[in-house]
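Colleague: Prediction below, plus the sequence it came from.
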Amino acid sequence: MQEKLEFLIALATEKHFGRAAQVCGVSQPNLSAAIKQLESTMGVPLVDRGARFIGFTPEGERVLEWARRIVGDYKAMRADIETMKQGLTGTLRLVVVPTALPMVQRLTATVWSMHPGIKITIASHSSTEILSRLENLEAEAGITYLDNEPLGNVDEVPLYHERYHLITSVDGPFGTRDSITWEEAATVPLCLLNANMQNRRIIDRAFAEAGVHAEPMLESNSIVVLTNHLCTGMWSTIMPRIMADSLLLPPTIRAIPIVAPELSTLIGLVVARRDPQPPLTAALIADARRLAPELAMAA
């Protein structure tokens, strides 16, 4: 039964029978047959099928919700027993919004120094993708925005506030200013993260609150791309100060606080709600809580 539930979760993640089968290491006919057996057991269709995967039926969505809970609890139980046998081991999979990447090494360094038997992987994703990966058991924890959009069934550990600056050339129109308004920031050529990133949606809302619309001249999902364009002196961007500090920009580029309105957003650790938490996740939560005051001061 557990294997069939894992197949269902994989299908929810991949939204394609062939890719789900590949992820699970089985043939597509075997995966399809397992899901049909699950439907027979439940006595209801779980998947809307056509020439390709369409989606889940209402009953399928409910079974998927239970599947995530059951498989997650089973994996947590296995991890708990392994910890009893040989201490804290395993891989901690973190998914992080791009603007939080400069801070993440403080947390991972703390965690690894306390638990050197573990491995850590870090991937950068949008806030929406982070919640999806937690839901589908593809990550143990995420670092994302806490106070702007619904998070769902997660536990949160607040870490620090992002504060936004215009990153611009000292030779630009505002290069010598000590602060700048959102209305003024809208007048310079901007390169910003893509609109599907929550950071960008926060920035767009700030412009809207200031009564202006800013149309970026360049968009990317990569901080590296934005950084390279900043260094030309032709574009400016908007990002948290701690992100700008981590980029080691040339002295010809300045970070200028944006006020009117002054905006800050809360960044924190999120994990799927589970009681008890798997040992590795519980250790991460405890370390994050201890580190939070230091991160708040650094930001």
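Modeller: Cool, the structure landed.

Colleague: And the residue nearest the centre of the chain, how close does it get to Arg163?
Modeller: The centre of the chain sits closest to Ile130, judged by CA atoms, centre = their mean, with a distance of 3.5 Å. Distance, Ile130 to Arg163, by CB to CB, to the nearest Å: 21 Å. Every residue, glycine included, has its C-beta placed from N, CA and C.

Colleague: For burial, what's the neighbour tally of Arg69?
Modeller: Residues within reach of Arg69, counting by other CB atoms under 10 Å, total 15.

Colleague: Tell me, what's the model's pLDDT at it?
Modeller: What the model reports as pLDDT for Arg69 is 84.

Colleague: pretty sure it belongs to a strand, no?
Modeller: No. Using DSSP: H, G, I helix; E, B strand; the rest coil, the assignment for Arg69 is helix, not a strand.

Colleague: Let me see the contact set for it.
Modeller: For Arg69, no residue meets the contact criterion (CB atoms under 8 Å, 6 or more residues apart in numbering).

Colleague: And Arg68, by the same measure?
Modeller: Ile9, Glu135, Asn136, Leu137.

Colleague: Report the buried members of these.
Modeller: Ile9, Glu135, Asn136, Leu137 (16 or more other CB atoms under 10 Å).

Colleague: Go through the residues you listed and flag which are in helices.
Modeller: Ile9, Glu135 (DSSP state H).

Colleague: Between which two of the buried ones among the contacts of Arg68 is the distance greatest?
Modeller: Ile9 and Glu135 (9.0 Å; CB to CB).

Colleague: which stretches of this protein form helices?
Modeller: Assigned by DSSP H, the chain shows helices spanning 2-14, 17-24, 28-42, 58-86, 101-114, 127-135, 182-185, 198-209, 223-230, 241-246, 279-298.

Colleague: between these, which one is nearest to Asp147?
Modeller: helix 198-209 (9.9 Å).

Colleague: and the closest one, what other elements does it pack with?
Modeller: strand 141-145, helix 182-185, strand 191-193 (3 or more CB pairs under 8 Å, 6 or more residues apart in numbering; DSSP states H and E).

Colleague: tell me the most buried of the ones you listed?
Modeller: Stretch with highest mean neighbour count among the helices and strands packed on helix 198-209: strand 141-145 (a mean of 26; mean count of other CB atoms under 10 Å).

Colleague: Which other helices and strands does that one contact?
Modeller: Counting by 3+ CB pairs under 8 Å, 6+ apart, strand 141-145 packs on strand 90-96, helix 101-114, helix 127-135, helix 198-209, strand 264-272.

Colleague: Try it again at 7 Å.
Modeller: Counting contacts by 3 or more CB pairs under 7 Å, 6 or more residues apart in numbering; DSSP states H and E, strand 141-145 is packed against strand 90-96, helix 127-135, strand 264-272.

Colleague: Make JSON lines from those and add distance to Val71 to it.
Modeller: Compiled in JSON lines, the helices and strands packed on strand 141-145 are given as follows (distance: least, CB to CB, whole Å):
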{"stretch": "strand 90-96", "distance to Val71": "15"}
{"stretch": "helix 127-135", "distance to Val71": "12"}
{"stretch": "strand 264-272", "distance to Val71": "11"}
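
Colleague: Looking at these, which is nearest to Arg201?
Modeller: Once those are compared by CB to CB, helix 127-135 is nearest, at 8.9 Å.

Colleague: Return that closest one as PDB; C-alpha atoms alone will do.
Modeller: Provided in PDB are the C-alpha atoms of helix 127-135 (Å, rounded to 0.1, in the frame of the first residue of the first chain):
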ATOM      1  CA  SER A 127       8.100  30.400  -2.600                       C
ATOM      2  CA  THR A 128       5.300  28.500  -4.400                       C
ATOM      3  CA  GLU A 129       7.700  25.700  -5.400                       C
ATOM      4  CA  ILE A 130       9.100  25.500  -1.900                       C
ATOM      5  CA  LEU A 131       5.600  24.800  -0.500                       C
ATOM      6  CA  SER A 132       5.000  22.200  -3.200                       C
ATOM      7  CA  ARG A 133       8.200  20.400  -2.400                       C
ATOM      8  CA  LEU A 134       7.400  20.300   1.300                       C
ATOM      9  CA  GLU A 135       3.900  19.000   0.500                       C
END
